[in-house]
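Chemist: just to be clear, the model below is a prediction. Sequence and coordinates:
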Amino acid sequence: MNPSLPPLTRRRFIEGAAALGVLSFVPLPLRAAFAAPERAPVLSGTEFQLEIGPVPMNVTGRPMTATAINGQIPAPTLRWREGDTVTLAVTNRLSEPSSIHWHGVRTPAPMDGVPGLSFRGIPPGETFVYRFPVRQNGTYWYHSHSGFQEQTGVYGPIVIEPNGGYAQGFDRDYVLMLSDWTDESPETVVSNLKFQSDYYNYGQRTLGTFIDDAQRKGLAETVADRLEWGKMRMSPTDILDVSGAAYTYLINGQPPAANWTALFRPGERVRLRFINGSSMSIFDVRLEGLPMTVIQADGNDVMPVTADQFRIGVAETYDVIVQPTADRAYTIFAQAEDRTGYARGTLAPRAGMAAAIPPMDPRPMRTMTDMGMGGMEHGEMPGMELSPEDKKLQGSVGVDNVAMMPTERLNLAGEGFPAGRRVLTYADLRATRPGTDPRPPSREITLHLTGNMERFLWGFDGKKFSEAEPIVLQRGERVRFVLINDTMMEHPIHLHGLWSELENGHGEYRPYKHTINVKPGERLSYLVTADEPGRWAYHCHLLYHMETGMFREVRVL
Amino acid sequence: MIARLYRPLLMSLVPLGLIACATSPPTHAEQDATVPLGIDLGGSGPVIATAQSEAAAEAAPVGHEVPPHGDEMQMAHAGQNDAHGTGTVNSVDPTQHKINLSHQPIPEIGWPAMTMEFPVAPSIDLKAIKPGTRVNFTIEQQPGGMYEIRAIAPAAGAR
């Protein structure tokens, strides 16, 4: 028989196989071989056994091998209770080193799970026992911090129950973990991106769109616009590096066609815990016809705020409450930011119901504001001079653009939203209680997020991790981090071990976050209290950006 | 013996039965057992009594059996799909018939102050709207969930 793979239709690729095919990845032989870990979708208590190993996975109809925890993608939901001390024995059954990082969970540094910084990693066949007190509550997640295992399936949700009760009432509670799956190996994806950074960008502007634009905006302006973009060697349609051309987008491991479903009874308040556990995909999430009340961001309660949609950067979490009163199904629709695909599920009173899948919104286009050139839309170049530091940056190989006029736009949701839809912004996030450290920062650390898109090199201040010194903080020090995004991509920046208190205009009610998504051409700041000593990872949570250099060590002495 | 007699009859009925099964409309088309179901982690239990949660609980009482009525947060539009705001016009886009404005909080629908774009009802003449003008406006939620400006007028004291 011909060993070649069966042809895959585009539709099958985007929507994935039906549930039956996906559920069939349950690895019975593996289960028999290492019977120890419990194969349940939710694990509660204080003692956990987790096993990272290969499993067969079939999302698109092609049988592939994934890496998973306890044979499941996503990994089991870990349910902890604030105030407990948890013990997690993690065994590596892969043929390469592995690790688990508890994303957003404040642990002592040796328990943080970053090979090379917190510990040496977990060699094949060995078990590492994590043990730490749980001092917080909320929605978080865990994932491998080794190689590309995060892309191939090693991620799962964490739900920590508050010891003092919830601030908001709800009748049902579901986790929705969004992720991106590719049949290509992550090594192939990186090599494609290094070869041509817009390899997966099929929406590039063509002669046809040039003519359209010229008719709409006038020839001169269109030519000027194209020249400006050309000079910067970038394409305004390059929104996400890896698109639906490679990815099938999943909710709790299920492709759109499988229609993952959460049940409700009309009138109930339903808590939905959204976790973006993908490697490279930023999603725009909405429930068609049902407004959401956002009650938590990155595990920390915020004042309830109503929105029709929110944009969730990689590694962020948002908890919302919805209250469907009608006896009907609602589509849970999570479009990839570049509109090349979507994850889809359903909120329904009965299993098997489905609502219409809405068309995707128009693809966002980067503007000159995104390029850090706000106010320069019409090509005039005021007598603007880069600072000496910026000039130095501009001369670096790793930097192909420096934002000359970065703007803070926390009150804007970003590009790609139709007018009239209420989209959550960072400025909407207001903590429910004042911050714990009222001290003003004693110093500012300014970092540029930089990249050379053509070479697919990413870094802070034009330097890759291997070229940079750690950022050193004194124990107990209060500092302000200022980030300036010189690139035209969003970067969800994650600081391990310490909270990032976003300065978004709410005074002492700053939201505490672990991951902050910085828009293109944006300048924003957040406060950090260095209250946990050790070596902490600080990086862009787009996996391939981290792997190609956008990573620093923050060392708290 | 009797069985043998009836056999031809049975044989002729079986295909009829099959056809009937195949053509009868599926009475439970919705009941698709293969749909993966989410695991409900359960209700919140009693909420903690803080000033904020009390305010929130007032707006949306917790109820396990009785669906709460009059939940303003979710159902502000159940009857009347419109809300009223005040803001300043930032820009006007006549080609797409939309305007960008910075509005003050709209408590009717739980919106904080923000800057956003709105499509404008076709009947409204955009020429009368100038950037920088302070306006009162009414928005109405459309079937797709989007809000459209249905009425707009300069606010009192505007230039």
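Modeler: Yes, it's here. Numbers count the residues shown, from 1 in each chain, chains lettered A, B, ... in the order given.
Chemist: rest of the way, CA atoms for contacts and neighbours
Modeler: OK.
Chemist: can you list the low-confidence ranges for the chain?
Modeler: You didn't pick a chain, so chain A it is. A:1-14, A:17-36, A:201-237, A:371-386, A:388, A:395 (pLDDT under 70).
Chemist: sorry, should have said chain B
Modeler: Using pLDDT under 70, chain B drops low at B:1-33, B:49-81, B:156-159.
Chemist: state which strand of it is the longest.
Modeler: Identified as the longest strand of chain B according to DSSP state E is strand B:82-93.
Chemist: given the helix or strand following that one, what are its sheet partners and their directions?
Modeler: Next helix or strand after strand B:82-93 toward the C-terminus (DSSP states H and E): strand B:98-103. Strand B:98-103 pairs in its sheet with strand B:82-93 (antiparallel), strand B:114-119 (antiparallel), by DSSP bridges.
Chemist: hmm, back to that, for the longest strand of chain B, buried residues please.
Modeler: B:82, B:83, B:84, B:85, B:86, B:87, B:88, B:89, B:90, B:91, B:92 (16 or more other Cα atoms under 10 Å in any protein chain shown).
Chemist: isn't the fifth one up against residue B:139?
Modeler: Going back to what we said before, that points to residue B:86. No - counting by Cα atoms under 8 Å, residue B:86 stays clear of residue B:139, with 10.8 Å between them.
Chemist: any chance you could map the helices in the stretch 251-400 of chain A?
Modeler: Assigned by DSSP state H, counting those that start in this stretch, the helices in the stretch 251-400 of chain A fall at A:388-394.
Chemist: quick one on the thing from earlier: could you export the longest strand of chain B as CSV, CA atoms only?
Modeler: Output of strand B:82-93 as CSV, limited to C-alpha atoms (Å, rounded to 0.1, in the frame of the first residue of the first chain):
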residue,chain,number,x,y,z
ASP,B,82,-30.6,51.3,23.3
ALA,B,83,-28.4,53.2,25.7
HIS,B,84,-27.4,56.8,26.0
GLY,B,85,-24.0,58.4,26.2
THR,B,86,-22.1,61.7,26.0
GLY,B,87,-18.7,62.1,24.4
THR,B,88,-16.4,64.0,22.1
VAL,B,89,-16.1,63.3,18.4
ASN,B,90,-12.5,62.5,17.4
SER,B,91,-13.0,61.8,13.7
VAL,B,92,-15.6,61.3,11.1
ASP,B,93,-15.4,58.7,8.3
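Chemist: would you mind measuring from residue B:104 to chain A?
Modeler: 13 Å (Cα to the nearest Cα, to the nearest Å).
Chemist: didn't that residue look like it was pressed against residue B:134?
Modeler: No - Residue B:104 is beyond contact range of residue B:134, at 10.9 Å (criterion: Cα under 8 Å).
Chemist: what's the overlap in contacts for these two?
Modeler: B:86, B:87 (Cα atoms under 8 Å, 6 or more residues apart in numbering or on different chains).
Chemist: how close does the closest residue to chain B within the stretch 101-250 of chain A sit to residue A:267?
Modeler: Using Cα to the nearest Cα, the single residue of the stretch 101-250 of chain A nearest to chain B is residue A:171, 4.1 Å away. Distance, residue A:171 to residue A:267, by Cα to Cα, to the nearest Å: 10 Å.
Chemist: pull up the overlap in contacts between the two.
Modeler: If you check residue A:171 and residue A:267 against Cα under 8 Å, 6+ apart, no residue is contacted by both.
Chemist: right, is stretch A:291-309 up against chain B?
Modeler: Yes - against chain B, stretch A:291-309 shows contacts by Cα under 8 Å from any Cα of the partner chain at A:291, A:292, A:293, A:304, A:305, A:306, A:307, A:308.
Chemist: for residue A:526, list each beta-bridge partner.
Modeler: residue A:481, residue A:502.
Chemist: so it touches residue A:478, yeah?
Modeler: No - look at residue A:526 against residue A:478 with Cα under 8 Å: they stay out of range, at 10.7 Å.
Chemist: mind listing what residue A:503 touches?
Modeler: Contacts of residue A:503 (Cα under 8 Å, 6+ apart): A:510, A:511, A:524, A:525, A:526, A:527.
Chemist: that older thread, using TSV, please lay out the strands paired with strand B:98-103 together with distance to residue A:104.
Modeler: Output for the strands paired with strand B:98-103, formatted as TSV (distance: least, Cα to Cα, whole Å):
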stretch	distance to residue A:104
strand B:82-93	38
strand B:114-119	29
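Chemist: how close does residue A:195 sit to residue A:188?
Modeler: 10 Å.
Chemist: neighbour count winner among the two?
Modeler: Ranked by neighbour count (other Cα atoms under 10 Å in any protein chain shown), residue A:195 and residue A:188 place residue A:195 first, with 13 against 10.
Chemist: ok, the nearest residue to the more buried one once chain neighbours are set aside - contacts?
Modeler: For residue A:195, ignoring the flanking residues on the chain, the nearest one in space by Cα to Cα, 6 or more residues apart in numbering or on different chains is residue A:455 at 7.6 Å. When contacts are counted by Cα under 8 Å, 6+ apart, residue A:455 touches A:194, A:195, A:196, A:197.
Chemist: type out the PyMOL command that picks the buried ones from the residues you listed.
Modeler: Buried members of these, defined by 16+ other Cα under 10 Å, are picked up in PyMOL with:
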select buried, chain A and resi 194+197
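Chemist: format the contacts of residue A:455 as CSV; extra columns: secondary structure.
Modeler: As requested, the contacts of residue A:455 are exported to CSV (DSSP: H, G, I helix; E, B strand; the rest coil):
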residue, secondary structure
A:194, helix
A:195, helix
A:196, coil
A:197, coil
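Chemist: between the contacts of residue A:455, which is closest to residue A:126?
Modeler: residue A:194 (33.9 Å; Cα to Cα).
Chemist: number of residues surrounding residue 150?
Modeler: Picking chain A for this. So residue A:150, with other Cα under 10 Å, has 24 neighbours.
Chemist: was after chain B, sorry
Modeler: Around residue B:150 there are 18 residues (other Cα under 10 Å).
Chemist: so it touches residue B:139, yeah?
Modeler: Yes - the criterion here is Cα under 8 Å, and residue B:150 meets it with residue B:139 at 5.5 Å.
Chemist: run through who's touching the host helix or strand of residue B:151.
Modeler: For residue B:151, the host element (DSSP H and E) is strand B:147-154. Residues from elsewhere that reach strand B:147-154, judged by Cα under 8 Å, 6+ apart: A:420-422, B:118-121, B:124, B:133-142.
Chemist: just the buried ones from those?
Modeler: When the contacts of strand B:147-154 are checked for burial by 16+ other Cα under 10 Å, the buried set is A:420-422, B:118-121, B:133-141.
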